[in-house]
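1. show me the folded form of this:
(2 chains)
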There are 2 protein chains.
Amino acid sequence: MKTGTLFGVGTGPGAPDLITLRAARLIEGAAVIAYPTLAGADSFARSIVADLIPEGAIEIVMDVPMSVERAPAQAAYDTGAAQIAEALEAGQDVICLCEGDPFFYGSFMYLFARLRERFTIEIVPGVTSVTACAAAAATPLVARNERLTVLPGPLPEAELRARIEGAESVVIMKVGRHLPKIRQVITDLGLLDHATYVERATLDAQVVAPLAQAPDKAPYFSMILLTKGADPWL
Amino acid sequence: MKTGTLFGVGTGPGAPDLITLRAARLIEGAAVIAYPTLAGADSFARSIVADLIPEGAIEIVMDVPMSVERAPAQAAYDTGAAQIAEALEAGQDVICLCEGDPFFYGSFMYLFARLRERFTIEIVPGVTSVTACAAAAATPLVARNERLTVLPGPLPEAELRARIEGAESVVIMKVGRHLPKIRQVITDLGLLDHATYVERATLDAQVVAPLAQAPDKAPYFSMILLTKGADPWL
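-> Predicted coordinates:
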């Protein structure tokens, strides 16, 4: 029997019509769909494409526990990878959903690392939250020979400071509870006027505000754009 | 009469099925489409979505001349912006095509800068060549708290060297004729084994190779991925 193919499918930043035609076609034709959930919460990736999932599709759910230790999360991905492998070996394709893009901070990398040696894996790239937030904020990111730096908000304060200081346009991901720390760094560097806060880009609940006015408690799906202005040569 | 809306629409990295559902819907319903061409060459953005453009749609083509001086290109965008403004004022929506994402090194920023004060502009983000190349190369870009640096290949050698040296995962855009210079910098830094060359990602003519084996003369639509390996905690 022919072994199935594993598809790592980016579902984009959140709006259901910002998935690609390829992603939509794969999901609409899926017999087996897989995705992780965090500590039993609903899957954001699944919610984006819920209307496209065929009735009767088998769903492999990897419930990843919230833990500072690595082992419990690793065990969840081990179990999920084994279930996916079983379906692939039975000749079924498996569509694994991942918000944004699978290779850009995507949970799919955990499965890719576990299954790449044994199976054919195809990645379907998706629109990332980086450009979705730039669109939402009406803020061009980079033009011509400008540089872009992407930083995760959980980085230590000193590293954030050093990286922002040496950068041009900056995107800070995974802001969440790190917002006060990040805002302090940006304020200290005299860049607060250049910083925009974006929460839940492209969803109905989208928030765009100057960073100075952002809430202290930000959700995980929030981002800060820091640019002195992409210059397209007016 | 109601003024039209200008849509800056990302058409993604090249494969026609990697555009978003929103982009497809807008293009299929377009009465006026706009895009730049470089020195009379065909528009790459238009070629991606050619099959979706309705018969009879008006096309506003901005022919941007190749020139080291700014003025001729600026004049081409001035003329294009005036034509687009005329259509908007006549109540027509205008769909402006841009390969990749409009706010990520996109030509649309030139029109955005000229028209943002006068008209409603909506940006439709697209899949960028960054994640398309990572998918093509089967190379995860960034996981967990890793940093990503995006550098344009035309940057001076000393700056490229300094930026790559201080970075984690790096994507170098717009490689083209700068390939030998970039390869020298990466070799000097002892990173050649971590570098992958990707040309025309997602198109039939796609090339993926270790940078060591890349051609000296690369096309404009080529990229170098430099990563010591995104680490998803196996």
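
2. any idea how far the spatially most central residue of chain A is from residue A:127?
-> Nearest to the centroid of the C-alpha atoms of chain A, with distances taken as CA atoms, centre = their mean, sits residue A:100, at 4.2 Å. Relative to residue A:127, residue A:100 is positioned 7 Å away (CB to CB, to the nearest Å). No exception for glycine: its C-beta is placed from N, CA and C like everyone else's.

3. overlap of the contact sets of the two?
-> Applying CB atoms under 8 Å, 6 or more residues apart in numbering or on different chains, one finds that residue A:100 and residue A:127 are jointly contacted by A:10, A:12-13.

4. can you name every helix or strand that the longest helix seen in chain A contacts?
-> The residue-count maximum for a helix in chain A (DSSP state H) belongs to helix A:71-89. Helix A:71-89 sits against strand A:32-38, strand A:58-64, strand A:94-98, helix A:108-115, with contacts defined as 3 or more CB pairs under 8 Å, 6 or more residues apart in numbering or on different chains; DSSP states H and E.

5. so which of these is nearest chain B?
-> For those, the distance to chain B is smallest for helix A:108-115, at 3.9 Å, taking CB to the nearest CB.

6. give me the helices and strands touching that closest one, please.
-> Packed next to helix A:108-115, using 3+ CB pairs under 8 Å, 6+ apart, are strand A:6-10, helix A:71-89, strand A:94-98, strand A:121-124.

7. what comes up buried for the last one?
-> Neighbour-count burial for strand A:121-124 flags A:121, A:123-124 (criterion: 16 or more other CB atoms under 10 Å in any protein chain shown).

8. near chain B, from those?
-> Counting by CB under 8 Å from any CB of the partner chain, A:121, A:123-124 from the buried residues of strand A:121-124 sit close to chain B.

9. which other residues reach the longest helix of chain A?
-> Outside helix A:71-89, the residues that reach it (CB under 8 Å, 6+ apart) are A:3-6, A:32, A:34, A:36, A:58, A:60, A:62-65, A:67, A:94, A:96, A:110-111, A:114-115, A:118-119, B:233-234.

10. quick one on the thing from earlier: take the shared contacts of residue A:100 and residue A:127 and lay them out in a markdown table including pLDDT.
-> Below are those laid out as a markdown table (pLDDT from 0 to 100):
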| residue | pLDDT |
| --- | --- |
| A:10 | 98 |
| A:12 | 98 |
| A:13 | 98 |
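
11. tell me the one among those residues nearest to residue B:186.
-> residue A:10 (27.9 Å; CB to CB).

12. residue contacts, the closest one?
-> A:19-20, A:23, A:98-102, A:106, A:123-127, B:127, B:131.

13. what's the most buried one of the helices and strands packed on helix A:71-89?
-> The highest mean neighbour count among the helices and strands packed on helix A:71-89, using mean count of other CB atoms under 10 Å in any protein chain shown, belongs to strand A:94-98: a mean of 28.

14. that one vs strand A:6-10, what angle?
-> Strand A:94-98 runs at 30 degrees relative to strand A:6-10, counting by axes from the mean of the first three to the mean of the last three CA atoms, to 10 degrees.

15. re the thing from before, tell me which of the helices and strands packed on helix A:71-89 lies nearest to residue B:42.
-> Nearest to residue B:42, of all the helices and strands packed on helix A:71-89, is strand A:94-98, at 33.8 Å by CB to CB.

16. one step back: and the helices and strands packed on helix A:71-89 as a markdown table, adding distance to residue A:219 and mean pLDDT?
-> Shown next, in a markdown table, are the helices and strands packed on helix A:71-89 (distance: least, CB to CB, whole Å; pLDDT from 0 to 100):
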| stretch | distance to residue A:219 | mean pLDDT |
| --- | --- | --- |
| strand A:32-38 | 13 | 96 |
| strand A:58-64 | 18 | 96 |
| strand A:94-98 | 19 | 98 |
| helix A:108-115 | 22 | 95 |
